[in-house]
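Asks: Here is a sequence together with a model predicted from it:
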Amino acid sequence: QVQLVESGGGSVQLGGSLRLSCAASGFTFTNICMAWFRQAPGKERERVAIINVYNAIAYADSVRGRFTISKDNAKNTLYLQMNSLKVEDTAMYYCAARPTTTCSGGSPFPYWGQGTQVTVSS
């Protein structure tokens, strides 16, 4: 049974940092595309960052240079380091997994965590 559990969200001041974690079970990172998404109230879901089995990474323009996605294969855990946080980064953050070795293409992500809330205040 595939399970993704996010943690690390919270409230932070403008310019602060947070590190999100996503503990995965039921699969290993050896053949999985992993991603972080976010969704703010009234807005569409946005893909924030992706990482594939070859550690190829891509970021949304809105977070590039401030956020860093990484994974620890031994711990089966995905991370999102968020620095220089802005008010517009406020959202529910979700990790997601897709059983493909690359993250290219538009195939949907079948596995999702429950989300962790990030709130940035000025």
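Replies: Nice, I can see it.

Asks: The nearest residue to residue 11 once chain neighbours are set aside: neighbouring residues, count only.
Replies: Nearest-residue entry for residue 11: residue 119, 4.5 Å, with adjacent residues in sequence omitted and distances by C-beta to C-beta, 6 or more residues apart in numbering. All C-beta spots, glycine's among them, are computed from the backbone N, C-alpha and C. Look at residue 119: counted by other C-beta atoms under 10 Å, it has 15 neighbours.

Asks: just checking, residue 119 touches residue 88?
Replies: No: Residue 119 is beyond contact range of residue 88, at 11.6 Å (criterion: C-beta atoms under 8 Å).

Asks: contact partners of stretch 31-40?
Replies: Contact partners of stretch 31-40, identified using C-beta atoms under 8 Å, 6 or more residues apart in numbering, comprise 20, 22, 24, 45-53, 69, 71, 78, 80, 88-103, 109, 118.

Asks: give me every residue that touches residue 73.
Replies: Going by C-beta under 8 Å, 6+ apart, residue 73 touches 28, 29, 30.

Asks: In terms of secondary structure, what does the helix or strand containing residue 49 contact?
Replies: With the criterion set as DSSP states H and E, the secondary-structure element containing residue 49 is strand 46-51. Using 3 or more C-beta pairs under 8 Å, 6 or more residues apart in numbering; DSSP states H and E as the contact test, the elements touching strand 46-51 are strand 33-39, strand 57-59, strand 67-72, strand 77-82.

Asks: quick one: the residue nearest the centre of the chain from residue 122, how far?
Replies: Nearest to the centroid of the C-alpha atoms of the chain, with distances taken as C-alpha atoms, centre = their mean, sits residue 36, at 2.1 Å. Residue 36 sits 23 Å away from residue 122, taking C-beta to C-beta, to the nearest Å as the criterion.

Asks: Residue 37 too?
Replies: Going from residue 37 to residue 122 by C-beta to C-beta gives 24 Å.

Asks: Settle it for me: which of the two has more neighbours?
Replies: Neighbour comparison, residue 37 and residue 122: the larger count goes to residue 37, with 21 against 7 (by other C-beta under 10 Å).

Asks: List the beta-bridge partners for the more buried one.
Replies: Here residue 37 shows beta-bridge partners residue 47, residue 94, assigned using DSSP bridges.
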